[in-house]
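In: Provided below for reference: sequence and predicted model.
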Amino acid sequence: MKNSDVIIQTATKVVFFIIFLFAIHIFFAGHYTPGGGFVGGLLTASALVLLLLAFDIRTVSKALPFNYTVIIGIGLILALGTASASILFDVPFFTHAYDYFDLPLFGKTSLHSAMLFDLGVYLVVVGATMNIILSIGSDD
Amino acid sequence: MISVLLLFAPVAAALLVPMLARRLRGIHTGWFVLAVPVLLFVYYLGFLPKVKDGGVHIGELSWIPSYGISLTSYIDGLSLLFSLLITGIGSLVVLYSIFYLDKTKERLGNFYAYLLMFMTAMLGVVQSDNMIALYGFWELTSISSFLLIGYWYTRDRSRFGALKSMMITVFGGLMMLGGFILLYIMGGTFSIRELISMAPELAEHSLFVWALVLVLLGAFTKSAQFPFYIWLPDAMEAPTPVSAYLHSATMVKAGLYLVARFTPIFAASEIWVWLVTSIGVLTLFWGSFFAVKQTDLKGILAFSTVSQLGLIMSLLGAAAAAFHVEGAAETMFKYAGFAAIFHLVNHAAFKGSLFMVAGIIDHETGTRDIRKLGGLMALMPVTFTLALIGSLSMAGLPPFGGFLSKEMFLTGMLSLGELDLFSPAAWGTVLLVAAWIASVFTFIYSFYFVFRTFTGKHKPDLLPKSAHEAPAGMLVSPAVLGLIVIAIFFIPNVVGNWIVKPAVAAVQPFMYGSPADVDVHVAAWHGHITPELMMTIGIVIAGLILYGLLPKWQGVYRAFPEYLTLNKLYDSAMVFSESGTNRLSRSYMNGQIRSYLIYMFSGIVIIVLGSMIAKDAIHVTMEGTAPIGAVEIGLIVVLVASVVTTLIARKRLTAIIALGAAGYVVALFFVVFKAPDLALTQLVIETVSVALYLLAFYHLPKMSRHDEKRKFRVGNALVAAAVGLMMALLAMSAASQKALPSISQFYKDTVYSEAGGGNIVNVILVDYRGFDTLFEIAVLSIAAIGIIGLIRLRLTRKGDSSEKQ
């Protein structure tokens, strides 16, 4: 999968960050407006796929040296850990906690343990999608 | 609370064991492990005074309160007796294993980790008041037994024996779970105590007999009763300390424990009395008869264990029979329950020491084959003494504990003859005669075991090692047990008052209010000639004669055809199920994904459409649907066009792009219907999957789609049409009728106040239905790992990897 189209490569360098930032936005927006970990993860994955299409796999894995299998593991641990943490506070499994805080710069912000769980979902989705795409794509 | 946590002390210690085994190689790991059962034993001893007066200790730790499932440590007479056995014999076995297992050659970390795991499981079984917890611990004993039998996993027979025991005991465990669930349906609680208190109502229930049979299946498989005993002889492949511990003193007694524990509930049923007594006597007879056939020392002990378990089982049956007798506490019916528990203690002591003796012989001579052994008396005098004590106690001779419980066993069997519960009435007599004959064979195999090994001619040339006495450390444990065997004979009533009576009161609450009510006095000599004494004398005379004539009639065993045995049945069932399932899966797994898709889709259609038709659920109205405007019509036209293009495209690339177009149209539908979350997700998924198709494009087989057979294409078209029809009908029927009010109002009401969120879709994902999401991402991960595995496997098959070197 060699691609040397300069226009695509140059555009990708900008568009990648736009998609990625949008993914982050979508991820955090999730609890109140459309979005969430699943979509956010998929968007991130699609940004990475764009990179893969514009450049070749070797270049991308040199630039972003992530082991996506490990990312799956981290995501699963995060999700299960968030769900299990409630046991330590003597409430049933999977009880979420949330509260409102005054944070500098952000003002009044709601912090929710569901966000941690969603981060787990996000990581698993990115990891799984990239694993599938990389293992199919790199086999040539 | 503390007592519940202490149940897990062994398994917590097991976490440290592998580290100790690796770091401190100089010291045998067993020395560290030994502390666990010893400390627990001392802890449980502390309960004796309280329990002796009829008190109970209850520790509770709630686990799943919404289902009424908790971890309980309920210590009454019965569970305390078992807990003491588990920790007491456990200590001796660990001590013995220190000398039995070589610290340089064996994987001690594994051994002790499994053993400690078993200890927790077994303590849990006997102390759990909650049936679900009991079931969990019960299966854990099966698993740890599996691991311990297969400890020397490089041996074929070990793996076979481990699997066999697992298959049979787990089958029984599942049956028992079914029984527990039926009890829960009847009584509405998982607590055994509460079930006992409502025993009279339960007996009226129509499911009562089913629960009874299922619970008994669990008990019979675990306690190696006929016809499930076949796993126990094969379990003898385990290291001898394990055989002494699990397969004679504790785990196989879990079934007896279960029967004893449930006697107050089930005793009201005559079927219970009948089944437990008859199977017990049959097992007693069968085991003792075939013990004489064995040539392996541990084989003899295995069959003798089977037989002794049957003996205790039959006594428990007789103890339940006392329920049906007026004023049983004053008549001879009172002896059976006492005898059952008393013999259980005796058996644990003498059989434990005999197994250790067999292990010593194996260790010091290199063989357990009784045909090669002989004349070891002069070479191993201490071992001989210990073997003699154990065997004579097993044979039921004074001055050993076995004599007392054997006499009481005969009393219990005599009492059955007086019972008019059985029909035909002669059945009680048949049981008595069978029990007597079995006792004769018990006498014979006890003598066979000890005198064939230790007397006669020494055959040094047949032995792999030159025989010598065992090291002192190895003799300590069997010697302690031997001393207990003798001590029980001289102070039976001390043992009776402190240990046996509280347990009896727990087994027969319908007769006794407290341990002090159990009016049984054990005596070796009753002051006059009793029928039991006559029977014992008969056993000794018949046993001596038959033992003397053994070479003349041992050939009888060869007359049994091999192909009729239960082992053969098990083997052929295993072979049949393996080859059968193999053939079955080969017949439809042809390696083509499109065939599998056909199976899946047709399966879904049949199940969904079938149940919709069966439930008369197909119902379509256009009421309340959104109006269909120009936008929708336009989208549908594009959708149909792209689907048709996918179907008829000649090039695969065209098909992929057309399929992507169809997906985007669906996303647009979501936009039109104001579902931004779905639209967003659908768009991204479509993008990523088209990219994926393009990536995989180069690897797809070059296969023109137009030279497929007509029959195949017609079949595909049918399945596709059926799936479409099913989805359409399902969606429209679901929209047209509401069995329950929509849940969406609940979400609207609670999404901010309860869940602290604003976007219902996302809050459903992470909170309301968080479990779903958790499992979905788990499935996603498994799928990703599976794909990596598939592709890596293909790479190695190409041959550039290490596999070829």
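Out: The structure has been received and is ready for your questions.
In: residue ranges of the helices in the stretch 701-805 of chain B, please?
Out: In the stretch 701-805 of chain B, the helices defined using DSSP state H, counting those that start in this stretch lie at B:710-736, B:744-750, B:760-763, B:770-798.
In: I meant to write chain A there.
Out: With DSSP state H as the criterion, chain A has helices at A:6-29, A:37-54, A:57-63, A:68-88, A:113-137.
In: And those, which one averages the lowest pLDDT?
Out: Of all the helices of chain A, mean pLDDT reaches its minimum on helix A:57-63 (a mean of 84).
In: Which residue of chain A lies farthest from its centroid?
Out: In chain A, the residue that sits farthest from the middle, by CA atoms, centre = their mean, is A:Asp90; the gap is 30.6 Å.
In: Just want the phi and psi numbers for that residue.
Out: Backbone torsions of A:Asp90, given as degrees, to the nearest 10, read phi 60, psi 30.
In: residues in contact with the residue of chain A found nearest chain B?
Out: Residue nearest to chain B within chain A (CB to the nearest CB): A:Tyr32, separated by 3.4 Å. No exception for glycine: its C-beta is placed from N, CA and C like everyone else's. Contact analysis of A:Tyr32 by CB atoms under 8 Å, 6 or more residues apart in numbering or on different chains lists B:Gly757, B:Gly758, B:Asn759.
In: how about the residues you listed in JSON lines, adding distance to B:Leu550, pLDDT and neighbour count?
Out: Formatted as JSON lines, the contacts of A:Tyr32 follow (distance: CB to CB, whole Å; pLDDT from 0 to 100; neighbours: other CB atoms under 10 Å in any protein chain shown):
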{"residue": "B:Gly757", "distance to B:Leu550": "82", "pLDDT": "77", "neighbour count": "23"}
{"residue": "B:Gly758", "distance to B:Leu550": "87", "pLDDT": "79", "neighbour count": "15"}
{"residue": "B:Asn759", "distance to B:Leu550": "84", "pLDDT": "82", "neighbour count": "20"}
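In: hey, which of the helices of the stretch 701-805 of chain B is tucked in deepest?
Out: Highest mean neighbour count of the helices of the stretch 701-805 of chain B: helix B:760-763, a mean of 22 (counted as mean count of other CB atoms under 10 Å in any protein chain shown).
In: near chain A at all, that one?
Out: Yes. Shown here: helix B:760-763 in contact with chain A (CB under 8 Å from any CB of the partner chain) through B:Val761, B:Asn762, B:Val763.
In: Turn these into JSON lines, including distance to B:Gly624 and pLDDT.
Out: As requested, the residues of helix B:760-763 next to chain A are arranged in JSON lines below (distance: CB to CB, whole Å; pLDDT from 0 to 100):
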{"residue": "B:Val761", "distance to B:Gly624": "22", "pLDDT": "83"}
{"residue": "B:Asn762", "distance to B:Gly624": "27", "pLDDT": "83"}
{"residue": "B:Val763", "distance to B:Gly624": "26", "pLDDT": "85"}
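In: Which of these sits closest to B:Gly603?
Out: B:Gly603 has its nearest neighbour among these in B:Val761, at 29.9 Å by CB to CB.
In: picking up where we left off before, ramachandran coordinates for the residue of chain A closest to chain B?
Out: The phi and psi values for A:Tyr32, taken as degrees, to the nearest 10, are phi -110, psi -30.
In: ditto for B:Ser73
Out: With angles defined as degrees, to the nearest 10, B:Ser73 sits at phi -120, psi 100.
In: who's it bridged to?
Out: Legend: beta-bridge partners of B:Ser73 under DSSP bridges are B:Gly59.
In: Which elements pack onto the helix or strand encompassing B:Leu232?
Out: Assigning secondary structure by DSSP states H and E places B:Leu232 in helix B:231-234. Under the contact criterion of 3 or more CB pairs under 8 Å, 6 or more residues apart in numbering or on different chains; DSSP states H and E, helix B:231-234 touches helix B:156-187, helix B:297-321.
In: After it, which helix or strand is next? Please name it.
Out: As assigned by DSSP H and E, the chain's next helix or strand after helix B:231-234 is helix B:240-244.
In: Which member of the residues of helix B:760-763 next to chain A is positioned nearest chain A?
Out: Of all the residues of helix B:760-763 next to chain A, B:Asn762 has the smallest distance to chain A: 4.0 Å, by CB to the nearest CB.
In: Report the contact partners of the residue lying closest to the closest one once chain neighbours are set aside.
Out: Spatial nearest neighbour of B:Asn762, chain neighbours left out: A:Gly36 (4.0 Å); criterion: CB to CB, 6 or more residues apart in numbering or on different chains. Listed by CB under 8 Å, 6+ apart, the contact set of A:Gly36 reads A:Ile26, A:Phe27, A:Gly30, A:Asp118, A:Val121, B:Asp677, B:Asn759, B:Val761, B:Asn762, B:Leu765, B:Val766.
In: Among the contacts of A:Tyr32, find me the one that's closest to B:Val672.
Out: So of the contacts of A:Tyr32, ranked by how close each gets to B:Val672 (CB to CB), first place is B:Asn759, at 19.6 Å.
In: ok so, going back, how close does the residue nearest to B:Asn762 sit to A:Met115?
Out: Using CB to CB, to the nearest Å, A:Gly36 is found at 10 Å from A:Met115.
In: returning to that earlier point: compare the contacts of A:Gly36 and tell me which has the most neighbours.
Out: Among the contacts of A:Gly36, the one with the most neighbours (other CB atoms under 10 Å in any protein chain shown) is B:Val766, at 32 neighbours.
In: any idea how far the residue lying closest to that one once chain neighbours are set aside lies from B:Pro492?
Out: Nearest-residue entry for B:Val766: A:Ala114, 4.2 Å, with adjacent residues in sequence omitted and distances by CB to CB, 6+ apart. As judged by CB to CB, A:Ala114 and B:Pro492 stand 66 Å apart.
In: Looking at those two, which one has more neighbours?
Out: Higher neighbour count among A:Ala114 and B:Pro492: A:Ala114, with 25 against 22, using other CB under 10 Å.
In: so where's chain B uncertain?
Out: Applying pLDDT under 70 to chain B flags residues B:328, B:420-425, B:698-699, B:701-708, B:792-805.
In: quick check: domain ranges of it?
Out: Following automatic domain parsing, chain B resolves into domains at B:1-266, B:268-548, B:744-805.
In: can you tell which of those is closest to A:Val125?
Out: domain B:744-805 (6.9 Å).
In: From the contacts of A:Tyr32, pick the one nearest A:Asp5.
Out: Checking these against A:Asp5 with CB to CB, the nearest one is B:Asn759 at 38.6 Å.
In: mind listing the helices for the stretch 451-600 of chain B?
Out: With DSSP H, counting those that start in this stretch as the criterion, the stretch 451-600 of chain B has helices at B:472-490, B:492-495, B:501-507, B:531-548, B:550-553, B:566-588, B:593-614.
In: and those, which is most packed in?
Out: Compared across the helices of the stretch 451-600 of chain B, helix B:501-507 shows the largest average neighbour count, a mean of 27 (mean count of other CB under 10 Å).
In: next one: that one to chain centre, how far?
Out: Mean-position distance between helix B:501-507 and its chain equals 26 Å (CA atoms, centre = their mean, to the nearest Å).
In: Quick one: residues in contact with it.
Out: Residues external to helix B:501-507 that are found in contact with it (CB under 8 Å, 6+ apart): B:51-52, B:54, B:76-81, B:260-261, B:263-264, B:316, B:319, B:337-338, B:340-341, B:512-518, B:520.
In: that older thread, how about JSON lines for the helices and strands packed on helix B:231-234, with distance to chain A added?
Out: Listed next are the helices and strands packed on helix B:231-234 as JSON lines, based on distance: least, CB to the nearest CB, whole Å:
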{"stretch": "helix B:156-187", "distance to chain A": "21"}
{"stretch": "helix B:297-321", "distance to chain A": "40"}
